[in-house]
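In: Need coordinates for the following:
(2 chains)
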Amino acid sequence: MASNDEFDPQLLAARLGANRTSRRRFLGRGGAAAAALVLGPSFLAACGSKDSGGGGTTATATTADDGAKASGHLRISNWPLYMADGFVAGFQTASGLTVDYKEDFNDNEEWFAKNKEPLSRKQDIGADLVVPTQFMALRLKQLGWLNEISETRVANRKNLRPDLLNDASDPGRKYTAPYMTGMVGLAYNKAATNRPITKIDDLWDPAFKGKVSLLSDTQDGLGMIMSSQGNSPEQPTLETVQKAVDLIKEQKDKGQIRRFTGNDYADDLAAGNIVVAQAYSGDIVQLQADNPDLDFIIPESGGDWFIDTQVIPYTTQNQHAAEAWIDYVYDRPNYAKLVAFTQYVPVLSDMTEELDKIDKKLAANPLINPTDAMKANLKTWPALSDEDTQAFNAAYAAVTGS
Amino acid sequence: MAGVASSSRQRSRIAPYLMILPGLAYLAIFFVVPFISLFRTSLSTMGGSVYLPKLTFAWDFGNYGQAFTLYHEQIVRSLVYALAATVISLLLSYPLAYVIAFKSGRYKNLLLGLVVLPFFVTFLVRTLAWKTIFADDGFFVRLLDTLGLVDGRLLSTPWAVIGGLVYNSMTFMILPLYVSLEKIDPRLIEASKDLYSSAFRAFRKVILPLSLPGVIAGSMLVFIPAVGDFINADYLGSTQTTMIGNVIQKQFLVVKDYPAAAALSFVLMAMILVGVLSYARALGTEDLV
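Out: As a prediction, this is how the structure comes out:
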């Protein structure tokens, strides 16, 4: 979107598929997946795993800051439809930097599968700033693949919500700079269900057979199911995860679940193919504009938070520019423009005033400005060990991928 | 004199090899190397760090056993869907190709153009269009529902997936059929009529056998990609219609169990090979195999 006058077929494809409704839509998976299937990881590994950093580009050192103003070119890789119109242009004017903004981040695990080989060899991945979900950001951090974000160059970091700034997963947000947070709950079509949906059990109502969709992401999909079984996603064990997976498998085998989705539940929900879906709050706020019958709720037993974070891979070509970007995003008036577009929950504190300047309805919307009661009912997954993540993914994929 | 002749003969003997060299090199790099690598992966064990696993080659045939035990259902389903798609595609395409080849007169090029036209739109968009056309609340599905032909929906059923496979591959069936039908000398058909054979008999004894190479080529072009397809099952199917392509995709990109994914790929490859070879043998043409 940085270059409005240029024709970008990739962007067009993303837009066509995304149908304006939501972020983190799938798309374009075919080609890359096909390549992965044909080549296989070991082939890629065989091609060059031995030279460590040989062909790699050196990252800007995170140590001593030369104090120079950020200059040059910044490459950002973000989820589709996660950016306000004119925002990138505004940043370019304000900073004097040029930005290559790509909406090519579609799925955390798939992004990781494609980029881990070059990252492990410290080779450029074509992006100076990426926006993975927090669990993925923490994985990258654990692998030592992230640069520290400068304290002084991102002075606006103080505007972050204290709960995010002081979160145990990355105290002080040294490596992971939250971009948007959102709620994972249930969305439904009032006209089709003919009754309010309040709890997880409603998903299994025989009246909705074959009209229910669940999220294929392990944490987003399983979290609320675990909560409904009296197990908290805040202390997940293989046992509690498996119990949730078993329930989903049972319902899948009954034909209750139509699809496991990424963000692409939105089209099916709008078209009436799905009547109840596990969903992301911002998607539904955007969809409600066209379809007032849609509603988003946090199930009685609890929903989850997700946090998408901006990170600087250690292969970045322009550390200072990436930091200038984060600082610009963390300026409240700028950030309000982003929220007005994405309709997610702000990661900065005290946003009401700035949001009101754009539209009074924004801050009044509980899906953008959740009530304390809602917040109390939302849980966050902890940072997981590699083994746990892998075990949980495998357990859930046994149901979603078969 | 003799020297010149032999050297030019030598050159003409080398020429064919030179001509196939680029193609061979391309296949060697982009097919043989990955193929061997994938084969090694399928027999490896995974160890070390979770995200940067070390694959150790170990002749681990257990990967195959496990892949088949866990996913035989999806393998069988893929074969059934692909077979159904091939048969339906053949039944729909043959008359069409026949008409274009023999009866279309000056509209021939126009009709051929129309056959290829859908391919100007990327197949992802075409597949997504089906979701709009066959939405549960859409006109079409409601009509079929009223007629009692479907049970409330068409999407997320096996028929939607098979339909998508047929739709996305029909051109690959029509074109080879057209080419082989078009090649048939009309005088052969005239001759059979002169010898008092009925139209049906002429078709069975003359046209069909002569078009068999097209049937075989078309069937393979449809069947092989269809078995491994995962887009149609993903977008038009449900959780009950998962194909083996979906499983492999998930194993590679999400679970990242590379040996299992590689083993599944090889099981699939072996089944396609066996299927295709026995099909070609059964129809007994030597034109292609």
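
In: Could I get the phi/psi values of A:M180?
Out: Here the main-chain torsion angles of A:M180 (degrees, to the nearest 10) amount to phi -140, psi 150.

In: Who's the closest spatial neighbour of it, skipping the chain neighbours?
Out: Distances taken as CB to CB, 6 or more residues apart in numbering or on different chains put A:Y344 closest to A:M180, at 4.1 Å, once the chain neighbours are dropped. C-betas here are computed from N, CA, C, even on glycine.

In: Check the gap between the one you found and B:F139 for me.
Out: Noted for A:Y344: a distance of 35 Å to B:F139, by CB to CB, to the nearest Å.

In: B:A28 too?
Out: Distance of B:A28 to B:F139, computed by CB to CB: 53 Å.

In: Isn't B:F102 up against B:L181?
Out: Yes: applying CB atoms under 8 Å, one finds B:F102 in contact with B:L181, separated by 7.0 Å.

In: show me the contacts for A:Y175.
Out: Going by CB atoms under 8 Å, 6 or more residues apart in numbering or on different chains, A:Y175 touches A:A137, A:K141, A:L146, A:N147, A:E148, A:I149, A:V311.

In: let's go with 10 Å and repeat that
Out: A:62, A:137-138, A:140-141, A:145-149, A:169, A:309, A:311-312 (CB atoms under 10 Å, 6 or more residues apart in numbering or on different chains).

In: how about the residue of chain B found nearest chain A, secondary structure?
Out: Among all residues of chain B, B:K250 sits closest to chain A, at 3.1 Å; criterion: CB to the nearest CB. The three-state label for B:K250, taken from DSSP: H, G, I helix; E, B strand; the rest coil, comes out as helix.

In: Tell me the gap between the one helix or strand B:R281 maps to and the middle of its chain.
Out: Following DSSP states H and E, one finds B:R281 within helix B:258-283. Put simply, helix B:258-283 sits 12 Å off its chain's centre (CA atoms, centre = their mean, to the nearest Å).

In: Give me the average confidence score over it.
Out: Averaging pLDDT along helix B:258-283 gives 90.

In: what does stretch A:163-172 give?
Out: Stretch A:163-172 carries an average pLDDT of 90.

In: what about that stretch, how long is it end to end?
Out: End-to-end distance for stretch A:163-172: 10 Å, by CA to CA, to the nearest Å.

In: and what of stretch A:88-105?
Out: 17 Å.

In: can you tell me if it touches chain B.
Out: No: against chain B, stretch A:88-105 shows no contacts by CB under 10 Å from any CB of the partner chain, the least distance being 14.2 Å.

In: picking that back up, which residues touch the residue of chain B closest to chain A?
Out: By CB under 10 Å, 6+ apart, the residues touching B:K250 are A:33, A:109, A:216, A:260, A:393, A:397-398, A:400-402, B:230, B:242, B:256-257, B:261.

In: How about the contacts made by the residue in the stretch 201-350 of chain A that chain B sits nearest to?
Out: Nearest residue of the stretch 201-350 of chain A to chain B: A:G272, at 3.8 Å (CB to the nearest CB). By CB under 10 Å, 6+ apart, the residues touching A:G272 are A:N189, A:A191, A:A192, A:K211, A:N291, A:D293, B:A135, B:D136, B:D137, B:G138.

In: neighbours around the closest residue to the second one other than its chain neighbours, how many?
Out: Spelled out, it's A:A191. Once flanking residues are discounted, A:A191 sits nearest to A:D293: 4.3 Å by CB to CB, 6+ apart. Neighbour count for A:D293, taken as other CB atoms under 10 Å in any protein chain shown: 14.

In: Also the one 10 residues further on?
Out: Applying the criterion other CB under 10 Å, we find 26 residues in the vicinity of A:G303.

In: Hmm, A:M226 and it touching each other?
Out: No: using CB atoms under 10 Å, A:G303 is not in contact with A:M226; the gap is 11.3 Å.

In: and A:F260, what are its phi and psi?
Out: Dihedral angles (degrees, to the nearest 10) for A:F260: phi -100, psi 130.

In: Let me see the confidence value for the residue in chain A positioned nearest to chain B.
Out: Going by CB to the nearest CB, chain B is nearest to A:G401 of chain A, at 3.1 Å. What the model reports for A:G401 is a pLDDT of 80.

In: Enumerate every residue touching the residue lying closest to B:F39 once chain neighbours are set aside.
Out: In space, B:F39 comes closest to B:F266 once its chain neighbours are excluded; the distance is 6.6 Å by CB to CB, 6+ apart. Neighbouring residues of B:F266 by CB under 10 Å, 6+ apart: B:F35, B:L38, B:F39, B:T41, B:S42, B:L43, B:N63, B:Y64, B:A67.

In: Give me the spatial nearest neighbour of A:Q286, chain neighbours excluded.
Out: A:Q343 (5.4 Å).

In: Confirm that A:A340 sits in a helix.
Out: Yes: per three-state DSSP, A:A340 lies within a helix segment.

In: got the contact list for the closest residue to it other than its chain neighbours?
Out: Distances taken as CB to CB, 6+ apart put A:I358 closest to A:A340, at 4.8 Å, once the chain neighbours are dropped. Applying CB under 10 Å, 6+ apart to A:I358 gives the contacts A:P333, A:A336, A:K337, A:V339, A:A340, A:F341.

In: Against A:N156, how distant is A:I358?
Out: Distance from A:I358 to A:N156, by CB to CB: 19 Å.

In: one step back: list residues touching both of A:G303 and A:M226?
Out: Counting by CB under 10 Å, 6+ apart, the contacts common to A:G303 and A:M226 are A:I200, A:P233, A:K379.

In: so of the residues you listed, which ones are in strands?
Out: Using DSSP state E, A:K379 are the members of these that sit in strands.

In: Flag the helix or strand of chain B with the lowest per-element mean pLDDT.
Out: helix B:2-27 (a mean of 79; mean pLDDT, DSSP states H and E).

In: you'd agree B:S265 is up against B:T41?
Out: Yes: using CB under 10 Å, B:S265 is in contact with B:T41, at 9.1 Å.
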